[in-house]
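Colleague: Need coordinates for the following:
(one chain, ligands or ions: 1)
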Amino acid sequence: MTATFAELGLAETLLTALTSEGYTTPTPIQVATIPLLLEGRDVLGIAQTGTGKTAAFALPILQRIATTKTRYVPRSPRALILTPTRELAVQISQGFATYGRNMRFKRALVFGGVGQVPQVRSLANGTDVLIATPGRLLDLMNQGHVRLDFVEMLVLDEADRMLDMGFIHDVKRIAERMPKTRQTLLFSATMPKSVEELAAGLLNNPERVEITPAATTVERIEQKVLFVTKENKRPLLAQVLKHHDVKRAIVFTRTKHGADRVAEQLEKTGVSAQAIHGNKTQSARQKALEAFRRGDVRALVATDIAARGIDVDGITHVINFELPNEPESYVHRIGRTARAGADGIALSFCDAEEVGYLKTIERLIRQSIPSHDDHAYHAEGIAGMRHSTSARPAQKRQGQANRKRQAYQGANPGKSSANYKGDKRKRA
Ligand code: AMP
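Modeller: Reported below is the predicted structural model:
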């Protein structure tokens, strides 16, 4: 039986907003999380971006704000959402604006890389919701511009990524300044030990909710690997992007410099492209994202961290111009397509040096990615390496993949590896 948003216990103002947004049915993470949060429970959610998790926490927070009016306390939020990147912060803020469009509430946004004065001003008289990256928030707290002793609800979004990015101490320091009686929600795509420990310290008797990426998105994505020499990757990319099926694509590179070079090259061959990565200013990143959203730019060339959480609907293709050396990044990358129920296509370019990475990825997702050979730059020699033992990945990486897989499985005891297995299902 499929639940409706009304059955989850959401108020009419929110239901109307969801209808105008075109949301008809809640996603699995929303079905599992919203009633718990409305009851006031702490939740440990294992879910990645693309599963609808923003609405899963934003809707109950808005409902609480709408139904329990309190006086604004200067410099204090009622709900705090901590998220690792500015892009995610902006997207979460837009989500709150969308879902709360029919109610009155205040929200503030705090992240680094821009002047702090407008941020300080937006907090001065108190706010309902504060969405922040940890570094800048701590900075503002230390200057006395923010206080957290009246926070009722805390959300840690993408906790694994926050820890990867070195925010652990900042997050702990921030949490120390909040009342123990708050409601806490932690979301993470993966549940390594470091996140488990963080959760144990911050959550109070949490309910665990697990939505694995493999079960929700990865299996809906048509994945293909294209074997090609390093030199031929750029002409191959131009050829792929010129195909009319590719309406909106994210192209992944391993380095920032690589992203710039690929974007420039694409522009030269007549494909509108923009690079997005950590060396770009905040406004340049926003501009690139907006152009991509509007459809003025067909290809966004990104590094893993910059692309994390990019929330643009209608991405038809994810192209791994370079395979990630961290197999989990593959799952995050391809999750940019096939958002909220849509199908998507992920193409991975694999050169001779990357065959080892490919094997490690396949081991993690427990799928063999089918090869697409029918292109002008197909390198049969490299394709052959896939099955030879000489191209085995380094022992260390294999070991890592095994541990990661065990971590996934450990987080999903009932589901074992079935979510990662099985041939690509037939597409209609
Ligand atoms: P998130 O995982 O929060 O990044 O959400 C992924 C995408 O799904 C966003 O573009 C949301 O607007 C969209 N979305 C979230 N929930 C729903 C829903 N119940 N129905 C349709 N789209 C949704």
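Colleague: Just the pLDDT at residue 152, thanks.
Modeller: Residue 152 is assigned 97 on the pLDDT scale.
Colleague: can you give me the strands for the stretch 251-400 of the chain?
Modeller: Listed in chain order, the strands of the stretch 251-400 of the chain (DSSP state E, counting those that start in this stretch) span 273-276, 299-302, 317-320, 344-350.
Colleague: what's the second one packed up against?
Modeller: In this structure, strand 299-302 packs against strand 249-252, helix 256-268, strand 273-276, helix 282-294, with contacts taken as 3 or more CB pairs under 8 Å, 6 or more residues apart in numbering; DSSP states H and E. C-beta coordinates here come from the backbone N, C-alpha and C atoms, glycine included.
Colleague: Sheet-wise, list the partners of it with their directions.
Modeller: Applying DSSP bridges, strand 299-302 is found paired with strand 249-252 (parallel), strand 273-276 (parallel).
Colleague: Which of these sits closest to residue 307?
Modeller: If you check each of these against residue 307 by CB to CB, strand 249-252 wins as the nearest, at 6.2 Å.
Colleague: I'd like the mean pLDDT over that closest one, please.
Modeller: So the average pLDDT for strand 249-252 ends up being 94.
Colleague: who touches that strand?
Modeller: The contact list for strand 249-252 (CB atoms under 8 Å, 6 or more residues apart in numbering) reads 237, 241, 262, 266, 273, 298-304, 307, 310, 315-322, 324, 333, 336-337.
Colleague: ranking the helices and strands packed on strand 299-302 by mean pLDDT, which is last?
Modeller: Of all these, the minimum mean pLDDT falls on helix 282-294 (a mean of 85).
Colleague: pretty sure residue 324 is in contact with residue 253, am I right?
Modeller: No - checked against CB atoms under 8 Å, the pair residue 324 and residue 253 is beyond contact range at 9.9 Å.
Colleague: Comparing the strands of the stretch 251-400 of the chain, which comes out most buried?
Modeller: Highest mean neighbour count of the strands of the stretch 251-400 of the chain: strand 299-302, a mean of 28 (counted as mean count of other CB atoms under 10 Å).
Colleague: pull the CA atoms of that one into CSV?
Modeller: C-alpha atoms of strand 299-302 as CSV (Å, rounded to 0.1, in the frame of the first residue of the first chain):
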residue,chain,number,x,y,z
ALA,A,299,27.1,20.0,-19.4
LEU,A,300,28.3,20.8,-16.0
VAL,A,301,31.8,19.6,-15.4
ALA,A,302,32.4,18.9,-11.7
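Colleague: helices or strands next to the host helix or strand of residue 63 in the packing?
Modeller: Per DSSP states H and E: residue 63 is located in helix 53-67. Counting contacts by 3+ CB pairs under 8 Å, 6+ apart, helix 53-67 is packed against helix 12-21, helix 28-39, strand 77-82, helix 86-99, strand 127-132, strand 153-156, strand 183-188.
Colleague: can you put these in CSV and add distance to the ligand and mean neighbour count?
Modeller: Listed next are the helices and strands packed on helix 53-67 as CSV, based on distance: least, CB to the nearest ligand atom, whole Å; neighbours: other CB atoms under 10 Å:
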stretch, distance to the ligand, mean neighbour count
helix 12-21, 7, 16
helix 28-39, 6, 21
strand 77-82, 12, 26
helix 86-99, 7, 21
strand 127-132, 13, 26
strand 153-156, 12, 25
strand 183-188, 9, 25
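Colleague: nearest to residue 133, of the helices and strands packed on strand 299-302?
Modeller: Closest of the helices and strands packed on strand 299-302 to residue 133 is helix 282-294, at 11.3 Å (criterion: CB to CB).
Colleague: can the closest one be found next to the ligand?
Modeller: No - using CB under 6 Å from any ligand atom, helix 282-294 never reaches the ligand; the gap is at least 10.9 Å.
Colleague: can you list the residues of this structure near the ligand?
Modeller: Proximity of the chain to the ligand, by CB under 6 Å from any ligand atom, involves residues 23, 26-27, 30, 49-55, 311, 313, 339-340.
Colleague: just to revisit the earlier point, what about the helices and strands packed on strand 299-302, which gets the closest to residue 233?
Modeller: Closest approach to residue 233 among the helices and strands packed on strand 299-302 is made by helix 256-268 (8.6 Å; CB to CB).
Colleague: where's the residue nearest to residue 260 when sequence neighbours are not counted relative to residue 377, distance?
Modeller: In this structure, residue 260 finds its nearest non-sequential neighbour in residue 275, 4.9 Å apart by CB to CB, 6 or more residues apart in numbering. Distance check for residue 275 against residue 377: by CB to CB, to the nearest Å, it reads 23 Å.
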